[in-house]
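Chemist: Curious how this folds, go ahead:
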Amino acid sequence: MGRTNNEHYFLAGGGEMGEQIRAKDWSKTSLGDPENWPHSLQTMVTVMLHNPFGMYIAWGENYTQLYNDGFRPILGSGKHPQALGISSEITFSKIWEIIGPLFTDVRNGKAVSFPDFMVPLNRNGFTEECYFDFSYSPIRKEDGEVGGILVTVIETTEKKKATEALKESNARFMNNIMQAPVAMCVFRGKDYIVEIANKQMIELWGVQSEDVLSKPIFEALPETKNQYLEDVLEHVYRTGEKFTANEQLVQLPRKGQTENTYINFVYEALTEPDGSISGIVAIAIEVTGQVLARSKVIENEQKIRQLVENAPFPIAVYVGKEMHIELANESIITLWGKGNNVIGKSFKEVLPELDNQLVFEQIKNVLDTGKSFHTTNTPLDLTIEGKLQTHYFNYSLTPLYDIHGIIYGVMNTGVDLTDLNVAKKKIEESDKRFRNTVKQAPIGISILRGPDYMVEMANEAYLKLVGREEAGFVGSPLFDSLPEVKEAVNSLLEGVLKTGIPYHGYEVPIPLNRYGQEEQIFYFDFLYHPLKEENGEISGIIVTVTEVTEKVDTRKKTELNEERLNIIVEASELGTWELNVKTKDFQYSKRYIEIVTGNKNDLNLSHAQLVKHLHPDDLHIREKAFKEAFVSGYINYEARLIWEDQSIHWVEAKGKVFYDLEGQPEKLLGTVRDITEEKQYQQKIEESEKRFRNLVMKSPVPKAILKGSDLIIEMANVALLKNIWKRKESDVQGKKIFDVFPELKQQKYARLLSEVSKTGKVHSESESPIFIDGENGKQKFYIDFEYAPLNETDDTLSGIKITLIDVTEKVEARKKIEESEKRFRSLTESIPQLICETDEKGNALFASGKWLEFTGIHPKGEEEWRSIIHPDDFEENARTWSHSLATGELYRCDVRIKSKSGDYRWHTAIGEPVLDKDNTIIKWVGAFTDIQTEKAFTHELEKQVAERTKELEKNNIDLEKMNKELQSFAYISSHDLQEPLRKIQTFATQIIERESENLSEIGKDKFQRMQNAAQRMQTLINDLLSYSRTSTLERVFEKTDLSEIINEVKEDLREELEQKNATIDIIEGCELGVIPFQFRQLIYNLVSNSIKFSKPEIAPVIKIKCTIDKGKNFNYEALSDNKEYCHISISDNGIGFDQQYNTKIFEVFQRLHGRELYNGTGIGLAIVKKIAENHNGFITAQGKPNEGASFDIYIPVT
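Modeler: Next up, the predicted model:
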């Protein structure tokens, strides 16, 4: 028996139908055992079971059926599962007459398909119409014959329904268009043929429907061409992008005329199911009425806004809960003190200090409730110029409604009463002073009481103004004394008395008959201010008045002059012209002809003829100006003209472009002015400017000129480039200052330059820090600088002149002094001494904390010093201190100082002067060191010293005797030692000379070496004797010219100098107090050393230079700064030495070279050092191998 169904590979898988096929006993069907099925059938079964689409196989002449899970729902519950394995004719018996012939055709090799084929299926318990794409294909066996039919099914029910829905939607869409309350239409194809247009659209177009339907829109409505609509439709049709526009101006035919209409419209592409664009639907709403109405509203709003912005009292509008400032006039912006850039910001952000002052809550309440809020004389704290100040206000908060009646904001109006409150307080505080000063006031002041205006008081100035005497005026009703003024001021006074509102009168004409003279009209500025009692009742009026009759008369004369000036202006010699852009018609005045041609006669020239007078080189200027005029609306240019007499003249042309209703240029109106003389003057100015710039370039003070809003470096002088900017002129010329120095942007200098550009005010600062990027990175400098505006002849600002001075060294020096002062004061608190500081005259400046802690007194003057210095010490201390102040010498004194407890303790007082760079005393610093313990010890020590002094005196006498004996011994020893040496040298010389022939070469060598050793011994004894004499000889100093000593040494060393061909250069000599013998020895040793240690084959050059200066000017720390020294420098070009031996060479018996090369004892430089020390001086040495050596001697000048 063969394999089971489960074992056949072609029956594997396939879900539920796969299981049923495998479970089927196919041997009982016409197909038989699956093992025997044709290979093509097995293959198609495998394809069917693994395909997600519905598939169905009808095999053989009986059309035996196999199908997969995808096909099963098509059979419905009435045919499945019994359809598996039976004939299709049985399963589809009801429609076999339809599909039977179809199967026959397929069996004959013909493939057949049915798209969107409707099949009624029982789904979910009821029958519904389903749609499928059926495909019938023949399945061929191995021999090529058709063995069966493969049916592939793809359900298209949803697609079919969608298509039907789309058709229905399109029908509804068309119907909606026709019934839409707004204008709608559909354009089809690339010619935009009007397929449908509703009644509203027909009315909007102003035509009949038959005039546009089925016609291209631009053919039906030619007026709409060239109005950008063609480009819009083409873009939508090509891209499918929706286009929306509001309030677009379109010219449409209306009642036989073309009218401007404003339309909101939408163009949207119509797409077919395949995604292609077949047309455009258009929606239009005419908003001409709204646009015109809104324009009127905007115009009204602008008028209201202008009224608000120019109102003399504060007004602002806050919008929304964030309280954004939509409007704020100049009065309230000035009051806030936060700058002009507040519009659009939150009120809370601009005035955060109002938080917790109820203002924000009041605004919120008005927004929420719609109830207005009013308050009077309310204090509010405002931060103005960084300072919190209290102001007083009457203010109101009023809700603002939009057109829908919804509150969108709050209007804030108010009156600043701060000055009034302050004035009120001041008045209350100075009422008495007021009455006393009123009499002396230069302006007229009077006080009126009650309804009869009883004159309570009137100062002299007021009486003089009204021409009345005090006796008859004060105490009487005003109008009894001045009946002539009643008509002019009675109602004003009555209003102030009733309302309490002050009245200001400016240049008010008042009739007066002063001192009984004829009545005349005089002009006054006056203030009627109510006088209120404590209960608020108005009891009178204070009148302040100033006569301005003369000012009014002057102004009237000025106004008359201005009227005359206007007449002159109208008659000014300006040429006028008018050009019609459309017709090219050109009209001009007689003066125009005269300016352009030079001809004063009436001429009738065309526009082209007039243009010919323009200089050929300037034609492009005019053409450019006219092009720019049509963009900006204004024309302005200068050019040259050639008159009829061929003379060259300059003209300035100005004008304005006027537009028609469509916004197109219609005409230009303008003037021309002969500016030839101005140009000539301008040339003189340019020459002056050139001279100015030349002065700037040659100025020793660093200067530069920056031009334009971009601050272009137009010029920078040598002093600035070299000393501060450290740049080449080519690196900065013509470049923006912040491109050259970008690091300045983050510093204050960018802001300061901007402020000078805006305000035109000079700005300067001293010792201002600045950071500049250089080769060594960012460096800090300090500069004194000035930014000054550069103005043109018309006072317009064209640039900035900068002046810079580098003061870095000065600032850093001062900072070091300040830091030193700080360290000094800190040091005074950390040391045990009592420290005080005075000025150069001895006046106290500073006392340390320890001073005050010990004495309890700041030493301001003599009285304080007497109170703390022991009476027995005061006079001596005062004399010593006075001497130091007078001479500048160090102050030193032992003095007893009294503590806060009343005890005296010994202190050593030392005062040292502090000098400036010019050695001038600028102050004294004193230190008082407690020596109480030392004093006690010293007292005991003095006793012991007195005892020891006697012993020392005796020992000194003994030492002097011993010293003389030693000197004698040294002389005798040297003499006794040299005598045998001389004999050794003599005998050795005689033996070599007389017995030379009897001696072997070894013997001769030994005798020579013995003789050399004796010579060295003798030299050593002489050097030792010289060295000892430097300490023992009497030191007698004489004023000596060092040049003489050097010449003597040259004479002593003549043979050696000639032998080596050496030279000695005395670069500079000087006179000095020295021990002549010793100093000659010093020079001799150093010069002979230079000769000895010279290079072979190179002539020695020895340079000697002498200079006298203070120690601080020499680079040697051991010198006292303010003491004078003679610096003697001896240098050579010899073999030199390694610098590490610069101190060793001065030690006794120290040699850097062997005796074989350079003879000597190693004592010569030790003698030199000893001699320098005998002169209280110093000697140093510097050298480099093969580059020579130099010796520097420093001897104090006495």
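Chemist: can you list the domains in the protein?
Modeler: Described in terms of automatic domain parsing, the domain architecture of the chain consists of the residue ranges 5-155, 164-291, 311-420, 431-556, 572-674, 689-806, 812-930, 1034-1196.
Chemist: and stretch 442-460, average pLDDT?
Modeler: Predicted confidence along stretch 442-460 averages 88 (mean pLDDT).
Chemist: same thing with stretch 659-678?
Modeler: Mean predicted confidence for stretch 659-678 is 86.
Chemist: Dump that stretch to CSV, restricted to CA.
Modeler: Provided in CSV are the C-alpha atoms of stretch 659-678 (Å, rounded to 0.1, in the frame of the first residue of the first chain):
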residue,chain,number,x,y,z
TYR,A,659,-0.4,106.8,-7.4
ASP,A,660,-3.8,106.1,-8.9
LEU,A,661,-6.6,104.0,-7.3
GLU,A,662,-5.0,100.8,-8.5
GLY,A,663,-1.7,101.7,-6.8
GLN,A,664,0.1,102.4,-10.1
PRO,A,665,2.4,105.4,-10.5
GLU,A,666,0.4,108.2,-12.0
LYS,A,667,2.5,111.4,-11.8
LEU,A,668,5.6,112.9,-10.2
LEU,A,669,5.7,116.4,-8.7
GLY,A,670,8.9,118.0,-7.7
THR,A,671,11.3,121.0,-7.5
VAL,A,672,14.7,121.8,-8.7
ARG,A,673,17.2,124.1,-7.0
ASP,A,674,20.4,125.6,-8.2
ILE,A,675,23.1,124.4,-5.8
THR,A,676,26.2,125.5,-7.7
GLU,A,677,27.3,127.8,-4.9
GLU,A,678,26.7,125.1,-2.3
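Chemist: what's next to it, contact-wise?
Modeler: For stretch 659-678, contacts defined as CB atoms under 8 Å, 6 or more residues apart in numbering pick out 260, 573-582, 592, 595-596, 629-630, 635, 638, 649-658. In short, each C-beta sits where N, CA and C put it, glycine included.
Chemist: which regions of the stretch 751-900 of the chain sit below the pLDDT cut-off?
Modeler: Per-residue confidence for the stretch 751-900 of the chain (pLDDT under 70) gives these ranges: 793-794, 817-818, 820-832.
Chemist: Now do the helices in the stretch 51-200 of the chain.
Modeler: When assigned using DSSP state H, counting those that start in this stretch, the helices of the stretch 51-200 of the chain occupy the ranges 72-79, 88-91, 96-107, 157-179, 199-205.
Chemist: still on that earlier bit, of all the domains of the chain, which one comes closest to residue 940?
Modeler: Evaluated over the domains of the chain, closeness to residue 940 peaks at domain 812-930, with 14.3 Å, by CB to CB.
Chemist: Next, the contact list for the closest residue to residue 1193 other than its chain neighbours, please.
Modeler: Leaving aside its sequence neighbours, residue 1193 sits nearest to residue 1128 (CB to CB, 6 or more residues apart in numbering; 4.3 Å). The neighbourhood of residue 1128, defined by CB under 8 Å, 6+ apart, consists of 1042, 1104-1106, 1192-1195.
Chemist: Understood, closing this out.
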